[in-house]
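Enquirer: sequence? don't have it. structure:
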Ligand SMILES: [Zn+2]
């Protein structure tokens, strides 16, 4: 982690524009100090380490999702910077990425529609590595649309946190959802399973994502509560990971058929 981050604090780097080496410490994302898996570690300057680890009423408390996002982005940024420009592999990799970003034919195409009350796999395109997650649509009585985006074990691509803005836009586009009506929730099925985060993308849906850990009050505001894990029927269909506390239509709604 020291090598990957090269003693740069990802929060200083992106949020304060400070790209210098900083004195700091390794922090554990899930706050469990015996969990030394690489994916759980992050190098933070002393100041940010305190405000992340303190997790008290600090006004600038960063969420796990937020820190993970900036950590991954820092590693990506630094590793791009050290790729020797003349190397054929680096050039090919850049071309493949550029092509995937501009040519719709390189996008994932699943014969997919969105079924209410049931998580569906969604394949997304993101710079560097496409990925797969599940999404579940819940229409609230007040007209808002909750999308519960869950990272499943084995996702080959970029994490749903790191690709949040791409998945958000692709889901809204694909299912013709107004970005202002969508409430975006994020959760990992295998890592900190009990933590859910709401991700916001500014008023018009195009700003940098921001993460807020879901509180019981926020769940109540949505008339929903989280279930502990994803289960599947004997037919292999995934069951909802979100409990609804309002009359929910038992009929399935197929929406957004576009082909
Ligand atoms: Zn810092």
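Expert: Great, that's in hand. Small disclaimer: the values here were computed from a predicted structure and weren't measured. Residues are numbered from 1 along each chain as shown.
Enquirer: C-alpha from now on. contacts and neighbour counts both.
Expert: Will do.
Enquirer: tell me the SS of the nearest residue to residue 31 once chain neighbours are set aside?
Expert: Spatial nearest neighbour of residue 31, chain neighbours left out: residue 53 (7.1 Å); criterion: CA to CA, 6 or more residues apart in numbering. Of the three states, residue 53 takes helix under DSSP: H, G, I helix; E, B strand; the rest coil.
Enquirer: Kindly report the same for residue 35.
Expert: Quick answer, by three-state DSSP: residue 35 is coil.
Enquirer: quick one: it and residue 29 touch, right?
Expert: No. If you go by CA atoms under 8 Å, residue 35 and residue 29 don't touch, sitting 9.2 Å apart.
Enquirer: what about these two, which has more around it?
Expert: Neighbours per residue (other CA atoms under 10 Å) separate residue 35 from residue 29, with residue 29 holding more: 21 against 13.
Enquirer: and the more buried one, what is it in contact with?
Expert: By CA atoms under 8 Å, 6 or more residues apart in numbering, the contact set of residue 29 is 40-42, 64, 67-68.
Enquirer: returning to that earlier point: what's the burial count for the residue nearest to residue 31?
Expert: Neighbours around residue 53, by other CA under 10 Å: 15.
Enquirer: Verify the contact between it and residue 32 for me.
Expert: No. With contact defined as CA under 8 Å, residue 53 does not count as touching residue 32 (10.5 Å).
Enquirer: List the contacts of residue 36.
Expert: residue 28.
Enquirer: Residue 79: how many residues sit nearby?
Expert: 12.
Enquirer: A helix includes it, no?
Expert: Yes. Residue 79: assigned to a helix according to three-state DSSP.
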